[in-house]
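> After the sequence you'll find the predicted model.
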Amino acid sequence: MPIKKLEGIDTEKGLAQYNGDETVYFNMLRTYMLSLRAMANAIETFNENEIEGYRVKVHGIRGASGHIFATQISESAAALENAAMEGDTAFIKQNHAPFINSAYALVQSIEEIFASIPQIAKPEKDKPDSALLEKLIDACNGFKMEDVENAMVEIEKFSYTNDGGLAAILRENVDMVNYREIVELLEKGE
């Protein structure tokens, strides 16, 4: 399996965290990849006048990276977060570019793994099961990332013929950790 060769992430620990369930772990990596790219894009250039926003973004990168055992990225983000809290702009200026480059390199490595996985045709359904959507709402309301991803794995086992693009919209919002938007969308649709 190509996932075991992912440099920058301790995939053995990551898989163990999800009881060896490769489907869930792949989906967590996918979510991480998309959120890391979005957060790195948001802070691609360091602006001293927006140091608090910078601190918040590197804090998010630190947490997400630690969750999937991307230790180097997590540790670098923690150092930058501490520097931002202390107002140490010299440290940030010196270490920001290598950090961003490492983040983008990791995103690219994960993208390459996903590109190498053959796509399998899914069975069709009319629309996502309402019980699964309720499960997703509950997970989003509790900000339970793993439960959100588990619900999406179940939803994405099928392709839908009459959901108006709902499954794709849900995936996009899950990837961007827009849990409130998911709840509002699903509650409005009921």
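Cool, got the structure.
> Strands of the protein, start to end?
Along the chain, counting by DSSP state E, strands occupy 124-125, 159-160.
> just the ones you listed: most buried one?
strand 159-160 (a mean of 15; mean count of other Cβ atoms under 10 Å). Every residue, glycine included, has its C-beta placed from N, CA and C.
> Can you name the residues that contact the closest residue in space to Lys125 that isn't next to it in sequence?
Using Cβ to Cβ, 6 or more residues apart in numbering and skipping the chain neighbours, the partner closest in space to Lys125 is Phe158 (4.4 Å). The neighbours of Phe158, taking Cβ atoms under 8 Å, 6 or more residues apart in numbering as the test, are Lys122, Pro123, Glu124, Lys125, Pro128.
> again with Thr71
The contact partners of Thr71, taken as Cβ under 8 Å, 6+ apart, are Asp10, Ser65.
> Asp88 now?
Asn82.
> Report the separation between it and Glu48.
Going from Asp88 to Glu48 by Cβ to Cβ, to the nearest Å gives 11 Å.
> Asp21 too?
Asp21 is 44 Å from Glu48, where distance means Cβ to Cβ.
> Between those two, point out the one with more neighbours.
Asp21 (14 against 10; other Cβ atoms under 10 Å).
> average model confidence for the biggest helix by length in the chain?
Longest among the helix segments of the chain by residue count, using DSSP state H, is helix 89-116. The predicted model assigns helix 89-116 a mean pLDDT of 91.
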